[in-house]
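Asker: Sequence first, predicted model second:
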Amino acid sequence: MKKNNMDDINDKTLKDYLAGKATDEEMVRLTEWLARSEENRKELFRLEMAYHLGKPNPLATREKTAAAEDRLFARIADYESQKDRRRSFRLLRYAAAVLAAVLLVGGGLFAYLRQSVEILTVAALDGVKKVTLPDRSTVWLNKGAAIRYADHFDGDERKVELEGEALFHVTKNPEKPFIVSSEGAAAKVLGTTFNFNAKGRGKASVISLIEGRLEVTGLDGQGKVVLHPNQKATVSRDVKVIKTENTYAPVDAVWRDNMIPFSNMRIREIARILEQLYGCRITVAPGLDNGKTYTGVIKKSKDIRNVLDGLSYTVSFHYTVDGKEIALSE
């Protein structure tokens, strides 16, 4: 195959792609550019998020939409002007990556449907979003989170890329491990339920295991650990370590439905959970901790008093609140 001198990706190609008007030649150019680096793929992902997810907004007028597109295309032009516009590479050298590199965005859900394999991107913009994956695994995305995955989990692994926080309930398949990766950490499972909080660029990733067994790997040389239920791993990029600790893992996923679960818990254990959720300090009178346990769920409220009122009907107690100090008594 002969070499071709081609401009680096330009603003016209990006505009045509975002508007759904890209030619086959432009798609070849774009997908080769995507295959060259992860940063290129992330850049297009961000541009698609800005462009397509704003389209369905019923409050957006034609004038507002046009103005937003003008700002977006100005950003594309600025991005393009910073690049070296003359680079040489082999045409279709990354033919195998063409199918895997095309990105789709959930919400606006723009797709280049002529490819036989698609990489889907789903984002939660305004609140928690539930996603069913090709293997029937379920993912709940916290607000602002996004995942990328193949429309068919072919091959020996099921791979998902995550930005932000998500709760995963993975369908068991010992023959095909399920792998979730973020910028700094990866979790490998066969079938399990866990919360993965990829907090953002340069920050730690926190992974809490609710059910099953989970292998957590740091992607910057932090090593590898295996989690058991009610354990949490914090993968730090700064100190290059993985910290593990015991926890009540369901608490980390309360954001999904705002329901706080308790299972055969004594009053002191419930108090520790509320401390974790509300950032307060709760003292329990000695006579109140009589060995009785409580099982059930209660709705999380912005004001902890509402939660304490609800609990006091089942676990009989009185309480006083002084700022962040709370006392439970008989």
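Answerer: Ah, there it is.

Asker: what's the burial count for residue 277?
Answerer: Applying the criterion other C-beta atoms under 10 Å, we find 15 residues in the vicinity of residue 277. C-betas here are computed from N, CA, C, even on glycine.

Asker: Enumerate every residue touching it.
Answerer: Contacts for residue 277 were tallied using C-beta atoms under 8 Å, 6 or more residues apart in numbering; they are 251, 254, 260, 300.

Asker: remind me which residues of the stretch 1-150 of the chain are low pLDDT?
Answerer: By pLDDT under 70, the low-scoring segments of the stretch 1-150 of the chain are 1-8, 19-20, 38, 42, 45-46, 48-117.

Asker: Quickly name whichever of the contacts of residue 277 is closest to residue 123.
Answerer: The nearest member of the contacts of residue 277 to residue 123, counting by C-beta to C-beta, is residue 254 at 21.4 Å.

Asker: From residue 41, how far off is that closest one?
Answerer: Spatial separation of residue 254 from residue 41 under the definition C-beta to C-beta, to the nearest Å is 32 Å.

Asker: swap in residue 271?
Answerer: When C-beta to C-beta is applied, the distance between residue 271 and residue 41 equals 46 Å.

Asker: just residue 215 next, same as before
Answerer: Counting by C-beta to C-beta, the gap from residue 215 to residue 41 is 26 Å.

Asker: Repeat that for residue 261.
Answerer: Separation of residue 261 from residue 41 (C-beta to C-beta): 38 Å.

Asker: Residue 268 too?
Answerer: The spacing between residue 268 and residue 41, counted by C-beta to C-beta, is 49 Å.

Asker: more neighbours, the two?
Answerer: Comparing residue 268 with residue 41 by other C-beta under 10 Å, the one with more neighbours is residue 41, at 20 against 13.

Asker: number of nearby residues for the nearest residue to that one once chain neighbours are set aside?
Answerer: Nearest-residue entry for residue 41: residue 34, 5.1 Å, with adjacent residues in sequence omitted and distances by C-beta to C-beta, 6 or more residues apart in numbering. Neighbour count of residue 34, defined by other C-beta under 10 Å: 24.

Asker: Tell me the gap between the helix or strand hosting residue 34 and the middle of its chain.
Answerer: For residue 34, the element it lies in under DSSP states H and E is helix 24-36. Using C-alpha atoms, centre = their mean, to the nearest Å, we find the averaged C-alpha position of helix 24-36 to lie 27 Å away from the chain's own average C-alpha position.

Asker: Just list what that helix packs against, helices and strands only.
Answerer: In terms of contact count using 3 or more C-beta pairs under 8 Å, 6 or more residues apart in numbering; DSSP states H and E, helix 24-36 is assigned the packing partners helix 11-18, helix 38-52, helix 95-101.
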